[in-house]
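Peer 1: sequence first, then the predicted structure, then my questions.
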Amino acid sequence: MGHAYQHFESGKVLLNASLQGNPELAASTFVEEAGHHLDAQLNTKDSLGDEGELFRRLLSGEKLTQAQVAEIRAENDKGSIQLHGKSVEVEFWKPFKALKKAVNWVGDKVNQATDWVKDKVTDAAEWVGQAASKVGNAVKSAWEFVGLGSQPDREFDGKLVGADNQTYEPGTPLDQIPGVTPRFNPNPAETILYVNGVATDLEWQSQHEMEWIAENANAKVIGIHNATEGGGADFIQCAEDKLDKGHNPAVDTLADTVYSELKAGRDVHLMGYSQGALITARALKDVANRLRIEDGLSQAQVEQVMSRLKVETFGGAAAVYPDGPQYVHYVNDKDFVPNAFGLGLPELPVLTHPGRGAVVHHFSESDGPHQLGSTYLNHRVDFDRARAGQF
């Protein structure tokens, strides 16, 4: 038997003998059946639902929702039992119903906990995936930094560069290359060969640096592309250029082009920026060696031939240039590159040689100290004025 309240006759609370070993459940049962008794005393008819359960749960401090109250009101707790051989009408408290609700509550909480764990596992999996992706990207970046992996700019290394990112094979006659020209002067009188610095891809050289130079110098600009293969690989190549070691396609293309132009009796105007100045210095040394060895010229004759070269450098990483060409070197005293590797070093014969008769123009600008467009070209003046020291 369960536990019941007999209010129709005696108002007695009938408790199952099994509760003797469970005082807490006995007390809870008595409270619920007392609720039935109070309802019987205060109302002329039995309230809808299980008023005893409602009383017990509210008295215990439980905050019920409207849905829970409605569920209790809808319950039918009436029934009958056999007491002393006689059928007696009672109102039951059904502990197994309460147990079922408790089990359902625990089940809901378990489901919620399971969902929470699943969410956290999913979040953790996503985090691990993102972390793995970041690690992968970092490895890929490190790989590319040292010149390994995919290097899309490498195929343009040493190519001649014209307008609209178009490239041409080394040896292509310069008059067959449509270079970058000033916006309002499509047919300038002079052509400049320009070599870019580190970490510069083909598009940036053609559509930015060459355009800046064309506007600033009012000249047609043809590039010789110094491809970027990652910052680390570029710096290693700079070290090799400083030592005149290793193979650099841009050096070869510039040296062959300058040699061919000089042999054809044409003047050449060169510009080199950052590592581009280092490439220029190395290529000019190669040209001088070829004139001396292949053509059998004396040093004086070599310098005479190379005097037809006009050379401008900006923030150059080279500190030593061969004699002969007409030089103008721009050095920002706030720029790390020329001060650490170029003509910003102390003027000692063992460290620096800008070329005999060179003009080295120093200035000081700390805002974007190594920028070509916004710093160095802003300080550039026409070549003849610069050679006369008129800055």
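Peer 2: That came through, no problem.
Peer 1: list the contacts of stretch 374-384.
Peer 2: Contact with stretch 374-384 is made by 212-213, 216-217, 269, 273, 310, 312, 314-315, 328, 330, 332, 335, 361, 363, 365, 367-369, 386, 390-391, as judged by C-beta atoms under 8 Å, 6 or more residues apart in numbering. C-beta here means a position set from N, CA and C on the backbone, and glycine is covered the same way.
Peer 1: buried set for that stretch?
Peer 2: 375, 376, 377, 379, 380, 381, 383 (16 or more other C-beta atoms under 10 Å).
Peer 1: dihedrals phi and psi, the last one?
Peer 2: The main-chain torsion angles of residue 383 are listed as degrees, to the nearest 10 and equal phi -60, psi -50.
Peer 1: would you mind giving the domain segments of this protein?
Peer 2: 3-93, 102-145, 152-387 (automatic domain parsing).
Peer 1: quick one: end-to-end length of stretch 341-349, please.
Peer 2: 14 Å (C-alpha to C-alpha, to the nearest Å).
Peer 1: and that stretch, what's its mean pLDDT?
Peer 2: Mean pLDDT, computed over stretch 341-349, is 87.
Peer 1: contacts for that stretch?
Peer 2: 238, 242, 277-278, 315-319, 329, 331, 333, 335, 338-339, 351-352, 354, 360.
Peer 1: narrow those residues to those that are buried.
Peer 2: Here, 16+ other C-beta under 10 Å leaves 238, 242, 277-278, 315-319, 329, 331, 335, 338-339, 352, 354, 360 buried among the contacts of stretch 341-349.
Peer 1: okay, stretch 174-191 in CSV with CA atoms only?
Peer 2: Output of stretch 174-191 as CSV, limited to C-alpha atoms (Å, rounded to 0.1, in the frame of the first residue of the first chain):
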residue,chain,number,x,y,z
LEU,A,174,64.8,47.8,-74.8
ASP,A,175,63.1,49.7,-77.6
GLN,A,176,60.8,46.7,-78.0
ILE,A,177,59.6,46.9,-74.5
PRO,A,178,56.6,49.2,-73.7
GLY,A,179,57.8,50.6,-70.4
VAL,A,180,55.9,52.6,-67.8
THR,A,181,55.5,56.2,-68.8
PRO,A,182,54.3,59.4,-67.2
ARG,A,183,50.5,59.9,-67.3
PHE,A,184,50.8,63.1,-69.4
ASN,A,185,53.9,62.3,-71.4
PRO,A,186,53.6,58.9,-73.3
ASN,A,187,56.8,59.5,-75.3
PRO,A,188,59.5,60.7,-72.9
ALA,A,189,63.0,61.3,-74.2
GLU,A,190,64.8,59.2,-71.6
THR,A,191,64.6,55.6,-70.5
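Peer 1: list the buried residues in it.
Peer 2: 174, 177, 179, 180, 181, 182, 188, 191.
Peer 1: what's the farthest-apart pair in the residues you listed?
Peer 2: Largest separation among the buried residues of stretch 174-191 by C-beta to C-beta: 174 and 182, giving 17.6 Å.
Peer 1: which stretches in the stretch 151-300 of the chain count as helices?
Peer 2: Using DSSP state H, counting those that start in this stretch, the helices of the stretch 151-300 of the chain run over residues 202-204, 210-217, 231-242, 249-263, 275-293, 299-306.
Peer 1: in a markdown table, list the ones you listed along with distance to residue 87.
Peer 2: Compiled in a markdown table, the helices of the stretch 151-300 of the chain are given as follows (distance: least, C-beta to C-beta, whole Å):
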| stretch | distance to residue 87 |
| --- | --- |
| helix 202-204 | 99 |
| helix 210-217 | 107 |
| helix 231-242 | 96 |
| helix 249-263 | 110 |
| helix 275-293 | 108 |
| helix 299-306 | 129 |
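Peer 1: out of these, which one sits most buried?
Peer 2: helix 275-293 (a mean of 24; mean count of other C-beta atoms under 10 Å).
Peer 1: helices or strands up against that helix?
Peer 2: strand 191-195, helix 231-242, helix 249-263, strand 268-273, helix 299-306, strand 309-314 (3 or more C-beta pairs under 8 Å, 6 or more residues apart in numbering; DSSP states H and E).
Peer 1: could you export those as JSON lines, including distance to residue 163?
Peer 2: As requested, the helices and strands packed on helix 275-293 are arranged in JSON lines below (distance: least, C-beta to C-beta, whole Å):
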{"stretch": "strand 191-195", "distance to residue 163": "13"}
{"stretch": "helix 231-242", "distance to residue 163": "25"}
{"stretch": "helix 249-263", "distance to residue 163": "18"}
{"stretch": "strand 268-273", "distance to residue 163": "17"}
{"stretch": "helix 299-306", "distance to residue 163": "29"}
{"stretch": "strand 309-314", "distance to residue 163": "21"}
